[in-house]
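Chemist: using only what follows, build the 3D model:
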Amino acid sequence: MTGFLDKVYAARDAAGTRALYDAWAATYEAEIAANGYATPARCAAALAAAMTDPGAPVLDFGCGTGLSGLALKLNGINTLDGVDLSADMLEQARAKGIYRHLAQVEAGAPLPHAPGTYAAIAAIGVIGSGAAPVSVFDTLMEGLAPGGLVVLSFNDHALEDPAHEGKLDDWTTSGRAVLKFREHGPHLPGIGLNSTVYVLEKT
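Modeler: Numbers count the residues shown, from 1 in each chain. Predicted coordinates:
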């Protein structure tokens, strides 16, 4: 079952990405569940282990239909806001009743909150081929105060481009962030795809 998975990793502009995810919204969860989508649970567990206060607010960036939010909730992270490009995906997330606030955002726009509003930002399965560009990582870090955490994942397609891990290295080697966690493991086992999960702390 790979109706949209066959298309999603192709490069496209922001408008094309939004259109794809709007069209996919109704069948997204069934398709990725059928392929064993493992990354949200892995990311949520890694973030929960790194947070000193799991009750602190977390932004689910690129929340999609809310699968990442459900994983965070199951790991004891209960104060969640979500943002996404796709209005249709956000409707699916809203129906889950797990988010405090949900909002649609434009590609490339700065985050609308002040740094420090969130103890952590989750970007689970968000950056990579056919999705958000790696420059989004800078936006996420700019949305955190010192001590804030970000959890993110790069699937194997993203990892083929050295710019992705290179962006994280830029932040850690310059001392602007510390890598707290890194683990390669299953992403979509049904199509043989893995991902690396990272947690970084802004300094």
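Chemist: hey, what's the closest residue to Val58 other than its chain neighbours bridged with?
Modeler: Closest residue to Val58 apart from its sequence neighbours, by Cβ to Cβ, 6 or more residues apart in numbering: Ala120 at 4.7 Å. For the C-beta atoms, the positions are set from N, CA and C on the backbone; glycine is no exception. For Ala120, the beta-bridge partners are Val58, Leu149 (DSSP bridges).
Chemist: tell me the contacts of Ala120?
Modeler: 47, 50-51, 56, 58-59, 144, 148-151 (Cβ atoms under 8 Å, 6 or more residues apart in numbering).
Chemist: would you list every one of the strands in this protein?
Modeler: 58-61, 80-84, 101-104, 120-123, 149-155, 177-188, 193-202 (DSSP state E).
Chemist: of all these, which one is nearest Asn35?
Modeler: Asn35 lies closest, by Cβ to Cβ, to one member of those: strand 177-188, at 4.5 Å.
Chemist: can you show me the helices along the protein?
Modeler: Secondary structure of the chain by DSSP state H: the helices cover 5-8, 14-24, 28-34, 39-50, 67-74, 87-96, 136-142, 156-159, 162-173.
Chemist: adding distance to Ile127, write those helices out as a markdown table.
Modeler: Output for the helices of the chain, formatted as a markdown table (distance: least, Cβ to Cβ, whole Å):
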| stretch | distance to Ile127 |
| --- | --- |
| helix 5-8 | 13 |
| helix 14-24 | 12 |
| helix 28-34 | 17 |
| helix 39-50 | 12 |
| helix 67-74 | 13 |
| helix 87-96 | 16 |
| helix 136-142 | 6 |
| helix 156-159 | 7 |
| helix 162-173 | 7 |
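Chemist: weakest of these by average pLDDT?
Modeler: Of all the helices of the chain, mean pLDDT reaches its minimum on helix 5-8 (a mean of 57).
Chemist: looking at it, Met89 is touching Gly62, isn't it?
Modeler: No. Met89 is beyond contact range of Gly62, at 9.1 Å (criterion: Cβ atoms under 8 Å).
Chemist: so among the contacts of Ala120, which ones count as buried?
Modeler: Applying 16 or more other Cβ atoms under 10 Å to the contacts of Ala120, the neighbour count classes 47, 50-51, 58-59, 144, 148-151 as buried.
Chemist: returning to what we had before: and of the helices of the chain, who's closest to Phe181?
Modeler: helix 39-50 (4.9 Å).
Chemist: pull the residues that contact the closest one.
Modeler: 54, 58, 67-68, 70-72, 74-77, 120, 122, 124-125, 149, 151-153, 155, 180-181, 183, 185-187, 195, 197, 199, 201.
Chemist: quick check: angle from that helix to strand 149-155?
Modeler: 150 degrees (axes from the mean of the first three to the mean of the last three Cα atoms, to 10 degrees).
Chemist: what angle do helix 39-50 and strand 177-188 make?
Modeler: Going by the same axes, to 10 degrees, helix 39-50 makes 150 degrees with strand 177-188.
Chemist: buried stuff in helix 39-50?
Modeler: In helix 39-50, counting by 16+ other Cβ under 10 Å, buried: 39-48, 50.
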